[in-house]
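Novice: only geometry, no sequence info:
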């Protein structure tokens, strides 16, 4: 397929996950009311159950993809996603919904592992970062519009249809991938599905200094984002009194990530992944610290929250796309396993950190903003340890070479 369609399909694969997270944010009060969930904080399990399933399953998809190829594993994962998204729509209890959400996440995990693996099969270095950034532009349009889509559905249909849309979208991606996506795994890179080689691959992924360091840094920064997603509906409605504007403001904040991905795709080839991501991480921490100080002073308003949050999300976009590429770069020959191990760590860790932040919600933005600042600083410490105190450098070898291969 052509370059444009390749980027669009990768974006659509990644969007299945974003859609499953963000589209039901406006529906959480209705879901809680329909299924007898009394506590607003307890409703956060709707997001966390999905993320835990999404994270846990990634550990197996990499090995399967390295053995059987990218395409068949992707199609099976998407099928699981479609089935259990539909099951969420028919849930009659909160427990049944959470089980279906977790299993829907298990299916979606394939799209996370395989999208990264397929891109890594075809590109490396800064070119890989550029492709991921271009995919993010399309992909990040989904978080921007997803809450509005969920809100629009609620205007004309009951909450189960939010999950019905997920199933329909997943089915469309299955058809697209089945018809157009070639197998990108090179025959010589297929890994036997045996205990010895699998453990050896895991060991290499977990002992590479750069891969481990940037994976942990990504996990810490991601924890802040998941904390925001967990409590976003509560913050906008209960704290800021902006219930009717929730989807619009959320879209503007998420737009910061989309803009940063576009900027990143234009500058990463010139300045390098480390320079861009390290500067962006410092910017992220600066916004987070200022935001925490505003919240602690009691002067938080809808304007301060929205503007500072958008600034953080702009920096977040450039941090995450480059950190992911840096972590994957030394493990190109084990792309599937590396993507699954890194995805497992970042998603499970980020989900648990984010759930912790969300559960601290006390009717103010203080726990959320302190969480952003604290986890951002912890991410910086992880980078400093990984780089042995050296920051802003281009790095060595393939990590900053402009390399690419055609499809």
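Specialist: Great, that's in hand. Model, not experiment: these values are computed from the prediction.

Novice: In the helix or strand harbouring residue 105, which of the residues would be classed as buried?
Specialist: In this structure, residue 105 sits in helix 94-122 according to DSSP states H and E. Going by neighbour count (16 or more other Cβ atoms under 10 Å), the buried part of helix 94-122 is 94, 97-122. Yep, even glycine has a C-beta here, placed from its N, CA and C like the rest.

Novice: quick one: which helix or strand includes residue 200?
Specialist: Here residue 200 is covered by helix 195-207, with elements defined by DSSP H and E.

Novice: do residue 214 as well
Specialist: helix 209-234.

Novice: Ignoring the adjacent residues along the chain, who's closest to residue 267?
Specialist: Distances taken as Cβ to Cβ, 6 or more residues apart in numbering put residue 276 closest to residue 267, at 6.2 Å, once the chain neighbours are dropped.

Novice: Of all the residues in the one helix or strand the one you found maps to, which ones are buried?
Specialist: Residue 276 is part of helix 273-297 when elements are defined by DSSP H and E. Under the neighbour-count criterion of 16+ other Cβ under 10 Å, helix 273-297 has 273-285, 287-292, 294-295 buried.

Novice: what do you get for stretch 255-265?
Specialist: Residues 255-261, 263-265 are the ones in stretch 255-265 that count as buried (16+ other Cβ under 10 Å).

Novice: quick one, what contacts residue 221?
Specialist: 281, 284, 316, 319-320, 323, 375-376, 379 (Cβ atoms under 8 Å, 6 or more residues apart in numbering).

Novice: Identify those among those that sit within helices.
Specialist: Taking DSSP state H, the ones among those that sit in helices are 281, 284, 316, 319-320, 323, 375-376, 379.

Novice: I'd say residue 84 and residue 108 touch.
Specialist: No. Residue 84 is beyond contact range of residue 108, at 9.3 Å (criterion: Cβ atoms under 8 Å).

Novice: which stretches of the stretch 301-407 of the chain form helices?
Specialist: Using DSSP state H, counting those that start in this stretch, the helices of the stretch 301-407 of the chain run over residues 302-328, 335-359, 366-386.

Novice: nearest to residue 74, of the ones you listed?
Specialist: Residue 74 sits nearest to helix 335-359 of all those, at 11.0 Å, using Cβ to Cβ.

Novice: Tell me how many other residues crowd the nearest residue to residue 42 once chain neighbours are set aside.
Specialist: In space, and not counting its chain neighbours, residue 42 is closest to residue 32: 7.6 Å by Cβ to Cβ, 6+ apart. Residues near residue 32, counting by other Cβ atoms under 10 Å, number 18.

Novice: Show the contacting residues for residue 32.
Specialist: By Cβ under 8 Å, 6+ apart, the residues touching residue 32 are 38, 40, 42-43, 94.

Novice: Name the nearest of those residues relative to residue 239.
Specialist: Closest to residue 239, out of all of the contacts of residue 32 and judged by Cβ to Cβ, is residue 40, at 11.7 Å.

Novice: mind listing what that closest one touches?
Specialist: Applying Cβ under 8 Å, 6+ apart to residue 40 gives the contacts 29, 32, 234, 238, 361.

Novice: please redo it, this time with the cut-off set to 6 Å
Specialist: residue 234 (Cβ atoms under 6 Å, 6 or more residues apart in numbering).

Novice: Just the pLDDT for residue 229.
Specialist: Listed pLDDT for residue 229 reads 87.

Novice: what separates it from residue 243, distance-wise?
Specialist: To residue 243, residue 229 is 17 Å away according to Cβ to Cβ, to the nearest Å.

Novice: of these two, who's got more company?
Specialist: The residue with more neighbours, out of residue 229 and residue 243, is residue 229; 21 against 13, by other Cβ under 10 Å.

Novice: Residue 365 and residue 301 touch, don't they?
Specialist: No. Using Cβ atoms under 6 Å, residue 365 is not in contact with residue 301; the gap is 10.2 Å.

Novice: who has more neighbours, those two?
Specialist: Using other Cβ under 10 Å as the criterion, residue 365 and residue 301 rank with residue 365 on top: 24 against 10.

Novice: Quick check: closest non-adjacent residue to that one.
Specialist: Nearest residue to residue 365 in three dimensions, chain neighbours excluded: residue 295, at 4.6 Å (Cβ to Cβ, 6+ apart).

Novice: Contacts only, for that neighbour.
Specialist: By Cβ under 6 Å, 6+ apart, the contact list for residue 295 reads 365-366, 369.

Novice: Residue 64 touches residue 74, doesn't it?
Specialist: No. Here residue 64 does not reach residue 74: they are 10.1 Å apart, not a contact under Cβ under 6 Å.

Novice: Compare these two (neighbour count), which wins?
Specialist: residue 74 (25 against 21).

Novice: Check which helix or strand the more buried one maps to.
Specialist: For residue 74, the element it lies in under DSSP H and E is helix 70-89.

Novice: Against which helices or strands is that helix packed?
Specialist: The contact analysis (3 or more Cβ pairs under 6 Å, 6 or more residues apart in numbering; DSSP states H and E) places helix 70-89 against helix 94-122, helix 160-180.

Novice: Which one of those helices lies nearest to residue 189?
Specialist: Proximity to residue 189, assessed across these by Cβ to Cβ, is greatest for helix 94-122 (8.1 Å).
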